[in-house]
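Novice: Here's a sequence, model it:
(one chain, ligands or ions: 1)
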Amino acid sequence: MSIYRRKDLLGLRDIEREEIEAILSTAVPMKDIITRDVKKVPTLKGKSVITLFYENSTRTRTSFDLAGRYLSADTPNLAVSTSSVQKGESLKDTIKTIEMMGPDVLVMRHPLSGAPHYVARNTSMHVINAGDGINEHPTQALLDMYSILERKGRLEGLKVAIVGDILHSRVARSNIFGLSKFGCELRVVGPSTLMPSNIEKLGVKVYTDLKEGIRGVDVINVLRIQRERQQSGLFPSIDEYQELYMVRTEHLSLAADDAIVLHPGPMNRGIEISTELAESSRCVVNEQVANGVAVRMAILYLMLGGGKDEIAG
Ligand code: CP
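Specialist: The predicted model follows:
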C-alpha cells in the first residue's frame, strides 16, 4: 500500500519525507516505461488530466501531457490565451466549468501565489500545482531530487547550493522544503537584493559570494534570472550579474570532485550559466527534463491509485 494518499499536490512545505520517497521510488519503473519502444501502459485508461496554464511553459505542461498519455489517460489542454479567460471569465468560473466536464486531475500554473490552493479547496478534482507565483513548484523540485538521487545515489547529507534569483524563485523554495527533509546542507547564493528577508529561517545558509557559496558542495542548482517578475533596480546590470554570479566550468574546481550542476530551464545562457558548463557532462539539465516525465507519471499514478502490476506490464 502506498504512503501517498493526498487529494492534491500543492507544495513540498507540508509533505512528509515518506510521501516524497514514495513518489521518487515510483518514478523508477516509470522511467523504464519511457525508454521502451512502445511507451504506453493501460494503467490510467479512462482517466483524464487537464492542463491549465496562466503562464508560459515548455517543460512542465508538455511533460504532464506526455506523462498522462504514457499511462493511457486523456490529457486535454485548456489554452488560456484562446479561452474565455480572455473574455474576462473568473478563475472560479473557469474551474467550475472545467470541473463539470469531468476531468480527474487539474494541473495548473498561475502567477498568483496560492491560486492552486484556493482552487483545491473549491473543487472535487485532484489539483497539482505546476508553479504558483513565487511560492512553490513542487514537481520541479521532485524531478530535481530524482535527478540528484540518480547521479549521487543518495540525498541524505549532501551539500546543495542554490544560486541566483532566490527572491522570485518558486523552484528554490520547493527545493529547500524538499531537500531539508533529507538532511541536506542547504546554501542559497546570490546578490542580497535577490535574497528574501528571513530566508535563514528556512534552515539555509546565505552567501553573497559565489565562490564561497559553492565551495565543497555536491550539487549546484543554478536558477533562471526571472526578468518578467522583476521591478527595475534589483541588480545594477546584466553585465554585472554575469560577472559576479554566472556559474562557469572553472567554478567546479571549488566544489566537490564529482559535483553536478542542475538548472530548471529555460536557461539564459551567458547570464546565469555559461554555455560551456551547460553543455558539459557535469550539467544534468537534459536528464532533468527526461526525469520530469517519469516523476510526473509517478505523481499521476499515485494520485489516481493505479495498480502496481500494470506498471510492470
Ligand atoms: N522548469 C520549468 O518550469 O520550465 P517551464 O516553464 O518550461 O515549464
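Novice: shaky segments in the stretch 151-300 of the chain?
Specialist: Along the stretch 151-300 of the chain, the model assigns pLDDT under 70 to residues 229-232, 236.
Novice: For the ligand, what's the nearest residue on it?
Specialist: Using Cβ to the nearest ligand atom, the single residue of the stretch 151-300 of the chain nearest to the ligand is P264, 3.8 Å away. Using the backbone N, CA and C atoms, a C-beta is placed for each residue, glycine as well.
Novice: what sits against the spatially most central residue of the chain?
Specialist: Closest to where the C-alpha atoms of the chain average out (Cα atoms, centre = their mean) is Q140, at 1.0 Å. Applying Cβ atoms under 8 Å, 6 or more residues apart in numbering to Q140 gives the contacts 60, 131, 170-171, 174-175, 264, 292.
Novice: mind running it again at 7 Å?
Specialist: Going by Cβ atoms under 7 Å, 6 or more residues apart in numbering, Q140 touches 171, 174, 264.
Novice: One more: S72?
Specialist: So S72 contacts 40-45 (Cβ under 7 Å, 6+ apart).
Novice: ok, now V188?
Specialist: 162, 166, 172, 195, 199, 204, 206.
Novice: 10 Å - rerun?
Specialist: Counting by Cβ atoms under 10 Å, 6 or more residues apart in numbering, V188 touches 160-164, 166-167, 169, 172, 175-176, 194-196, 199-200, 202, 204-208, 213, 221, 223.
Novice: So which of the residues you listed belong to helices?
Specialist: Secondary structure assignment (DSSP state H) places 172, 175-176, 213 from the contacts of V188 within helices.
Novice: Most neighbours among those, which one is it?
Specialist: N175 (32 neighbours; other Cβ atoms under 10 Å).
Novice: Going along the chain, name the helices of the stretch 51-200 of the chain.
Specialist: Using DSSP state H, counting those that start in this stretch, the helices of the stretch 51-200 of the chain run over 59-70, 91-100, 115-121, 138-152, 170-180.
Novice: Let me have the ones you listed in CSV, extended by distance to the ligand.
Specialist: Formatted as CSV, those follow (distance: least, Cβ to the nearest ligand atom, whole Å):
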stretch, distance to the ligand
helix 59-70, 3
helix 91-100, 20
helix 115-121, 14
helix 138-152, 5
helix 170-180, 7
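Novice: Good, wrapping up.
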